[in-house]
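1. Give me the fold of what follows.
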Amino acid sequence: MQPLQFLVPLDALDALEPIIPLVVFGFVILNILTRLLQHRRHRSQVESGDEDGSVSRWLPHTATNLGLVLSSFVYMIIEPHGGMVMSILALSVFISDFFEFESRLVEARSKSKSLERPTAAIGASVFALLYASYQSFFFLIEPLWNSIV
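-> Model prediction:
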């Protein structure tokens, strides 16, 4: 008996098992793209805003953050080791995005500082992208990998 048998439809997840790593990879790509668009939006808000702290969260980026975390949790159900690593990376992206937004608020309030790029979130996203691409496209390097290992 599976511990999550009554909370998660495991049979449905078994049918989607080959697709879930690609979903995680897609959320990582979408998260990077929405981060770029959100940063552009923050810059335009700071340049046009008259009030202090005119930077606001952008719903599509928040949705891709939550989608990345939830899809990595689903991936952890079907692939415990790879899903655990991906979940840690997804949570690090989520947490770094949270603190990067708070630092953008501080930069927007102080008129002497310019709005910087979210470097911590970009770094966490690069690691998440590398691991998600490894998990999603392992079948491409599997023959070479098995000959070496």
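
2. from here on, contacts and neighbour counts on C-alpha atoms
-> Noted.

3. After the helix or strand where Ile95 lies, which helix or strand is next?
-> In this structure, Ile95 sits in helix 80-109 according to DSSP states H and E. Next helix or strand after helix 80-109 toward the C-terminus (DSSP H and E): helix 119-136.

4. which of the residues in that next one are buried?
-> Residues of helix 119-136 classed as buried: 120-122, 124-129, 131-133, 135-136 (neighbour count, 16 or more other CA atoms under 10 Å).

5. just to revisit the earlier point, what's the angle from the helix holding Ile95 to helix 119-136?
-> Helix 80-109 runs at 160 degrees relative to helix 119-136, counting by axes from the mean of the first three to the mean of the last three CA atoms, to 10 degrees.

6. Next, the buried residues of helix 80-109.
-> Using 16+ other CA under 10 Å as the burial criterion, the residues of helix 80-109 that qualify are 82-87, 89-97, 100-101, 104-109.

7. Spatially, and excluding backbone neighbours, which residue is closest to Ile78.
-> Among residues not flanking Ile78 along the chain, Glu17 sits closest, at 6.8 Å (CA to CA, 6 or more residues apart in numbering).
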